[in-house]
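Engineer: Structure for the following, please:
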Amino acid sequence: MDVTSLLNTRSSSAAATSDAAKKAQENQDRFLTLLVAQMRNQDPMNPMENAQLTTQIAQIQTVTGVDQLNTNIEKLGQQFNQGQLAGAVGLVGRHVTTPGNRLAMGETEAYGFFDLDGAANNVQVEVVTPAGTVVDTVDLGAASAGRHAFSWSTEGYSADRELQFRVKATRGATAVGSTTYSRDQVVAVNTRSGQLQLELAGGRRTDFTSVVSVD
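Structural biologist: Residues are numbered from 1 along each chain as shown. Next up is the predicted model:
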């Protein structure tokens with residue numbers, strides 16, 4: 001797992017937090033210096049009113065509060081990222097379902113999953129090569145809206161050969177929309193380009209946030 005970028009991110013975040021706190025303190029010190037100078041040099045015949053003093057104090061409190069709020073938000077962001085990383089690492093060795101159309105090849109059968117946007121009275125799954133050539137067609141008949149799984153015999157095909165699938169569903173003469181999913185095993189986690197990704201046994205990478213189910 002590539003954690004170099006994560007460590008760099010933590011270091012940068014810590015530095016940013018320190019800089020924000022330092023800036024807030026500098027702003028407060030600068031304001032107090034100016035306020036004291038203003039009070040020392042005010043016209044004795046026309047001194048600063050209490051309302052003016054209160055307003056200026058409220059202004060610096062607002063600025064300081066905003067800086068502190070930004071610092072707290074940054075800390076929450078760091079905790080969220082660390083929580084995501086821990087969750088992703090916990091998926092190594094497990095099977096996840098993500099958007100895609102690649103068949104999960106087993107010893108004797110291949111598996112695929114899909115969602116139907118609505119009920120259909122005719123659902124067919126075409127098994128295809130990456131180039132789009134139809135290898136076989138699986139007739140599933142009628143199906144309700146929601147998640148469905150199907151299997152296809154891999155007899156005559158090696159498990160390391162990539163095959164994909166596409167769904168054709170209709171209700172009468174009307175096409176029914178569908179979303180396809182792939183199932184694969186997580187073998188590693190990386191943080192390339194600042195994006196938390198899962199490396200899958202089939203050679204694909206997928207964003208951690210795209211996982212829809214875990215087995």
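Engineer: packing partners for the lengthiest strand in the chain?
Structural biologist: Across the chain, the longest stretch assigned as strand under DSSP state E is strand 178-190. With contacts defined as 3 or more CB pairs under 8 Å, 6 or more residues apart in numbering; DSSP states H and E, the packing partners of strand 178-190 are helix 50-89, strand 95-99, strand 104-105, strand 109-116, strand 164-171, strand 197-200. The C-beta positions use only the backbone N, C-alpha and C, and glycine is treated the same way.
Engineer: which stretches of this structure have low pLDDT?
Structural biologist: The chain contains residues with pLDDT under 70 at 1-32, 34-86, 159-160, 193-194.
Engineer: any idea how it splits into domains?
Structural biologist: The record assigns the chain these domain ranges, following automatic domain parsing: 4-89, 95-214.
Engineer: From the opening residue of the last one to its closing one, how far?
Structural biologist: One end of domain 95-214 to the other measures 6 Å (CA to CA, to the nearest Å).
Engineer: what's the helix or strand for residue 33?
Structural biologist: Assigned by DSSP states H and E, residue 33 falls within helix 4-40.
Engineer: Residue 150 too?
Structural biologist: Using DSSP H and E, residue 150 maps to strand 146-153.
Engineer: Give the buried residues for that strand.
Structural biologist: Within strand 146-153, the residues scored as buried using 16 or more other CB atoms under 10 Å are 148, 150, 152.
Engineer: Return the member of those nearest to residue 112.
Structural biologist: Using CB to CB, residue 150 comes nearest to residue 112 of these, at 5.7 Å.
Engineer: got the contact list for that closest one?
Structural biologist: 111-114, 125, 138, 140 (CB atoms under 8 Å, 6 or more residues apart in numbering).
Engineer: out of those, which are buried?
Structural biologist: Among the contacts of residue 150, those buried by neighbour count (16+ other CB under 10 Å) are 111-114, 125, 138.
Engineer: can you list the buried residues of strand 146-153 in CSV and add distance to residue 204?
Structural biologist: Converted to CSV, the buried residues of strand 146-153 look like this (distance: CB to CB, whole Å):
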residue, distance to residue 204
148, 22
150, 20
152, 20
